[in-house]
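In: Sequence below, structure please.
(one chain, ligands or ions: 1)
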Amino acid sequence: MKVLVLGAGVVGVTSAWYLAKAGHEVTVIDRESAAGLETSFANGGQISVSQAEPWANPGAPAKIIKWLGREDAPLLFRMRADLRQWSWGLRFLFECLPWRTRANTLNVLRLAIYSRARLQALRGDTGIEYDHLSNGILQIHTDQKEFESSRARVQMLLSHGLAVSVRSPAEVIRIEPALRDSQVRIVGATYAADDESGDAHLFSERLAELATKEGVSFGYDVEVEGLLKEGDAISGVAVRAGGRRHVLSADAYLVSMASYSPFVLAPVGVNVPVYPVKGYSITAPVKQAAAAPSVCITDENGKIAMTRLGDRLRMAGTAELASYDASISEARCAGIANRVRQIFPDAVDYTNVKKWAGLRPATPSNVPLIGRTHYSNLYLNTGHGTLGWTLACGSGAAIADLVSQRSPEVEFPFL
Ligand SMILES: Cc1cc2nc3c(=O)[nH]c(=O)nc-3n(C[C@H](O)[C@H](O)[C@H](O)COP(=O)(O)OP(=O)(O)OC[C@H]3O[C@@H](n4cnc5c(N)ncnc54)[C@H](O)[C@@H]3O)c2cc1C
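Out: Sure thing, here's the model as predicted:
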C-alpha cells in the first residue's frame, strides 16, 4: 500500500520506518529542509518511562494558581483570546480528576514500556547512534513533602515491573557523583535504572537516512495546505512546494504534524484536542567532565531535565500555554540556567549556551492520538506532548500495525 506520512519529526520518521518494515511504499513530507527540525530538535532527550504521570494530575490546579503570572514558573498559563486554548484548559482540568489521572498514567505507561523495548530492538538491529546513554534517570527532590509523596508513584511503577527505587541523599551521590557539588539540598531521589536518554534530533536524522535505504522517500520544503476528501475517504493532500501547488495522493495518509495537526484535520471534520505547550532548552559544551552528570537527571521541583548528550549538556524544561508563539524568552532560559548552575556549578559555561524553544503537541490528558479516524484511509499519530521521544518507537510500530490491519502488540486506547 502507498502511505503518505505528513510530518518528519521523531514521530513521523519512526512511523515511516515501521511502515516500510511492514512492506508499505512510504513517502514522508515536511515543510522543513530535513527531519527533526521542529519540536524534536532540542528536547530534554529523556526516554523517561518512569515519568508517565501527566501534568494533568490532582496536584496541578493548585500549583498552576500559585505560579500564575510568575515569569519563571515551571508551568505557566498565558491566557489568550483563543477558544481552542480555553477549551483545552477546561479539558485539562477534567483530566486532573484522580481517576482520570490514574487511567491516563496507565495508558501512557504501557505504551512507554513497549516503546522503550522497540527502541532498544531498533538499536540492536541497526546500530543507530544518537549520543544515547542507558544510565537511568535520577529524579531528584529538594522538597521533603514532595519526596515523601513520590513513594506512592514508585509503588505504582514497581507494580508494573519497572526497576525504580527510592534513594537517600548519600545514595544519590553514589549514583551521580557530580551531584556532590550541588548548592541546593537534595532530600532524596527516585532512580529509574532502566530509563535512557539520547538526542532525538540526531535519532530522527539518522533513522531518516536508514529509512531511505529501506525505500522510504522524503520530500522536504513541502508545505501541507489541506486534505481533500471524497466520500468517506481522503483522496489527496494539497501541498505547496517550490512556489507551486500540487496534489499528492496515496492509498493511506498519516498525520504526524504535531501541534499543527488540527489545522489540516479540522477542515475535514476531524477535531483533535492538540494544543501547543511551549518549552525551552539550553545546550552547552561540557566544561569539566567530572562536574557534569552522566546519569540523566530530573529536578522534580524545578521541573528541569539535565541530559548528557556526548560532550554536551542539554537542560530543558518549563511549560507555557501561549498559543503558537515559538519565540525565545530570555527570562525563561535564564531561569533554567540559574537552577542548573546551582546543581552542577562547574558543568558548563552558563553564559554561553544555545537557546531553543519548542511547542509540545499536547492533549489535555497527555495521551497521544494514535489510530484511524472516521475516514477509511486517514490515520493519526500525533499529540505526544511531554513524551514524544519516549513514545515514538512504540507509537510508530503500533500505527504501522493498524495501517496493516494487524492488532498492535500493546494495550492502548487506539482511536
Ligand atoms: C522543552 C521540551 C523538552 C522535551 N523533553 C522531552 C523529553 O525529555 N522526552 C520526551 O520523550 N519528550 C520530550 N519532549 C516532547 C517531544 O519533544 C515531542 O513530543 C516530540 O518531539 C513530538 O514529535 P513530533 O514528531 O510529533 O513533532 P515534531 O518534531 O514537531 O514534528 C512535526 C513535523 O510536522 C511538520 N509540519 C507541521 N506543519 C506542517 C505543514 N503545514 N506542512 C508540512 N510539514 C509540517 C514540522 O515541520 C515537523 O517537522 C520535550 C519537548 C519540549 C518542547
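
In: Now do G236: how many residues are near it, please.
Out: G236: 17 surrounding residues under other Cβ atoms under 10 Å. In short, each C-beta sits where N, CA and C put it, glycine included.

In: That one reaches H246, doesn't it?
Out: No. When contacts are counted by Cβ atoms under 8 Å, G236 is not listed as touching H246 (9.3 Å).

In: residues in the stretch 151-300 of the chain within reach of the ligand, list them.
Out: With Cβ under 6 Å from any ligand atom as the criterion, the stretch 151-300 of the chain meets the ligand at residues E223, V224, S256, M257, A258, Y260, G279, Y280, S281.

In: cutoff 5 Å now
Out: When proximity is defined by Cβ under 5 Å from any ligand atom, the stretch 151-300 of the chain lies next to the ligand at E223, V224, M257, A258, Y260, G279, S281.

In: what's the neighbour count on the closest residue to the fourth one other than its chain neighbours?
Out: So the one you mean is A258. In this structure, A258 finds its nearest non-sequential neighbour in P361, 3.8 Å apart by Cβ to Cβ, 6 or more residues apart in numbering. Per other Cβ under 10 Å, the neighbour tally for P361 reads 30.

In: hey, what's P361 bridged with?
Out: Applying DSSP bridges to P361 gives these bridge partners: P276.

In: Can you name the next helix or strand after the one helix or strand in the chain whose mean pLDDT sits lowest?
Out: Lowest on mean pLDDT, DSSP states H and E among the helices and strands of the chain sits strand 75-77, with a mean of 76. Heading C-terminal from strand 75-77, the first helix or strand you meet, by DSSP states H and E, is helix 83-95.

In: Just the helices from the stretch 51-200 of the chain, written as ranges.
Out: 60-67, 83-95, 98-126, 144-159, 169-175, 200-213 (DSSP state H, counting those that start in this stretch).

In: ok, L37 to A8 distance?
Out: 8 Å (Cβ to Cβ, to the nearest Å).

In: meant to ask about I128
Out: 16 Å.

In: Have a look at those two and say which one is more surrounded.
Out: Using other Cβ under 10 Å as the criterion, I128 and A8 rank with A8 on top: 31 against 17.

In: what helix or strand does the more buried one sit in?
Out: Per DSSP H and E, there is no helix or strand for A8.

In: And the pLDDT for the residue in the stretch 151-300 of the chain positioned nearest to the ligand?
Out: As assessed by Cβ to the nearest ligand atom, the ligand sits closest to G279 within the stretch 151-300 of the chain, at 2.8 Å. Looking at G279, its pLDDT stands at 96.

In: Surely it forms part of a strand?
Out: Yes. Per DSSP: H, G, I helix; E, B strand; the rest coil, G279 lies within a strand segment.
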